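With the input below, show me the fold.
(one chain, ligands or ions: 2)
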Amino acid sequence: MTRKSLTTAHGGGCACGHVRYLMHDAPMFVHCCHCTRCQRETGGPFAHHAMIEFTAFSVLEGEPEFVLVPTDSGGKHWVARCPHCRTALWNEHGSRRAITRYVRVGTLDAPSQFPPLAHIYVRSKQPWLTLEDGAPQFAGYYDAAKAWPQESLARYASAKTARVHERAKSGAARRKESTKSTG
Ligand SMILES: [Zn+2]
Ligand SMILES: [Zn+2]
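Ligands and ions are numbered 1, 2, ... in the order given. Have a look, this model is predicted:
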């Protein structure tokens, strides 16, 4: 596959065009989250997220800025936004070293190719919204080990391994650096 066809298939960006990104593969999973937090953050009835591992995601143009948003559980949650038009492009949960990018499907060039494979937190779904797409619905969160396809679980596992290796490598580099500066 050429880069051009990938861009067409899985590329996306902000409203002003400054930030462009690319998913190198189809997402591992796609869900709509109907939690009240996602409703507030998006200003809409739900968040529509395509989950892609960091090893299969690149920023092609522009440098997004990361805004820290509080979560209900007291954790961290980063939102990548265009520094100019402020479009929210994706979320990174827990830390900036998170394994998964939660890409906002509406920012893809062809968002209709990724319908949700599950609806989560439907207990706080807007009452006027009727879900008839046949995707499984979960009252709260879901168990990815059961809901995700095996292939996606394997992709997640290898991205996790890549992250662990990367951490070990940067830890070793830091140790070397501090040895240098103190010795
Ligand atoms: Zn922009
Ligand atoms: Zn949510």
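
Flag every residue of the protein that's near ligand 2.
Proximity of the chain to ligand 2, by Cβ under 5 Å from the ion, involves residues 33, 35, 38. All C-beta atoms are positioned from the backbone trio N, CA, C, and that covers glycine.

low pLDDT regions in this structure?
By pLDDT under 70, the weakly predicted segments of the chain are 1-9, 177-183.

Show me the helices in it, by range?
Using DSSP state H, the helices found in the chain span residues 3-10, 36-42, 144-147, 150-182.

Show me which residues of this structure sit near ligand 1.
Near ligand 1, when you scan the chain using Cβ under 5 Å from the ion, you find 14, 16, 18, 82, 84, 85.

From what I see, the second one and residue 85 are in contact.
Yes: the pair formed by residue 16 and residue 85 meets the contact definition of Cβ atoms under 8 Å, at 3.8 Å.

hang on, the earlier thing: could you dump the helices of the chain into TSV with mean neighbour count and distance to residue 91 added?
Listed next are those as TSV, based on neighbours: other Cβ atoms under 10 Å; distance: least, Cβ to Cβ, whole Å:
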stretch	mean neighbour count	distance to residue 91
helix 3-10	14	18
helix 36-42	16	8
helix 144-147	12	16
helix 150-182	12	16
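
is it possible to export those to TSV including distance to residue 25?
Supplementary listing: the helices of the chain in TSV, determined by distance: least, Cβ to Cβ, whole Å:
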stretch	distance to residue 25
helix 3-10	7
helix 36-42	24
helix 144-147	17
helix 150-182	8
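
what about those helices, which gets the closest to residue 121?
Closest approach to residue 121 among the helices of the chain is made by helix 36-42 (7.6 Å; Cβ to Cβ).
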